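J.: Show me how the following folds:
(2 chains)
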Amino acid sequence: NAGVTQTPKFQVLKTGQSMTLQCAQDMNHNSMYWYRQDPGMGLRLIYYSASEGTTDKGEVPNGYNVSRLNKREFSLRLESAAPSQTSVYFCASSMTRYEQYFGPGTRLTVT
Amino acid sequence: AQTVTQSQPEMSVQEAETVTLSCTYDTSESDYYLFWYKQPPSRQMILVIRQEAYKQQNATENRFSVNFQKAAKSFSLKISDSQLGDAAMYFCAYLMEYGNKLVFGAGTILRVKS
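T.: Reported below is the predicted structural model:
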């Protein structure tokens, strides 16, 4: 089992460029999540998907879109990247609400 | 809205000694879950311990234990016999009973001295 995988691991974008962060899990979990982690702050929820076909906004959804492609995959898209979106992005999945498994993270820099 | 506060940005402990990391939270709910996550330099988030609010008994996992004070809304993590591998950022987190959203504190960096 690979658990939760994320691609890419690192990315540098110019302001205004778009990109999609990919996340996949092989644990047959129903729920998936996207978080961002900024210096001096804990992780903050961007979007989550309680089950295939559903998505909901978290604490900081502005500037992002998500797609729950199937049960395994949950992608995060930045349509027009801004320097404020420089962060480390984590994907997580869970079967039960109280045990989330995290991916290794993607470090994104927007210049 | 629920908030989680970790008042210690950084802590140090000598190898083999005990250290306690503090966490307080604010909620009007009576049922919820509390967590401690460890983030080593690899960035991987690792669940250390979980506490259900309805349980009076404090959770323990090997060298890790919590002191859960529900009335005071306090949830501290005690690490006994500290090891070099315990050096990491530690996050306290809160989850509502019927929610999906983890709310994290800002984290405490733990340094372990040999």
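J.: Looking at the residue nearest in space to the middle of chain A now. What's its pLDDT?
T.: Central residue of chain A (Cα atoms, centre = their mean): residue A:34, 3.1 Å from the mean position. The predicted structure scores residue A:34 at 97 on the pLDDT scale.
J.: Where does it sit: helix, strand or coil?
T.: Counting by DSSP: H, G, I helix; E, B strand; the rest coil, the backbone at residue A:34 sits in strand.
J.: who's in contact with the closest residue to chain B within chain A?
T.: Using Cβ to the nearest Cβ, residue A:42 is the residue of chain A that sits closest to chain B, at 2.8 Å. Bear in mind the C-beta positions are built from the backbone N, C-alpha and C, glycine included. Going by Cβ atoms under 8 Å, 6 or more residues apart in numbering or on different chains, residue A:42 touches B:4, B:91, B:93, B:103, B:104, B:105, B:106, B:107.
J.: And stretch A:14-21, what's buried?
T.: Within stretch A:14-21, the residues that qualify as buried by neighbour count (16 or more other Cβ atoms under 10 Å in any protein chain shown) are residue A:21.
J.: End to end on that stretch, go ahead and measure it.
T.: 16 Å (Cα to Cα, to the nearest Å).
J.: likewise stretch A:17-28?
T.: 33 Å.
J.: Stretch A:44-64 now?
T.: Stretch A:44-64 has its terminal residues 13 Å apart, counting by Cα to Cα.
J.: ok, residues contacting it?
T.: Defining contact as Cβ under 8 Å, 6+ apart, one finds that stretch A:44-64 is touched by A:30-38, A:66-68, A:70-71, A:74, A:76-80, A:82, A:84-85, A:89, B:100-102, B:104.
J.: mean confidence score for it?
T.: 93.
J.: which of the residues in that stretch are buried?
T.: Within stretch A:44-64, the residues that qualify as buried are A:44, A:45, A:46, A:47, A:48, A:49, A:50, A:55, A:58, A:60, A:61, A:64, counting by 16+ other Cβ under 10 Å.
J.: beta partners of the residue nearest the centre of chain B?
T.: When chain B is reduced to its mean C-alpha position, the nearest residue by Cα atoms, centre = their mean turns out to be residue B:36, at 3.3 Å. Residues in a beta bridge with residue B:36, per DSSP bridges, are residue B:49, residue B:92.
J.: Hmm, it is touching residue B:78, no?
T.: No: taking contacts as Cβ atoms under 8 Å, residue B:36 lies outside contact range of residue B:78: 10.2 Å.
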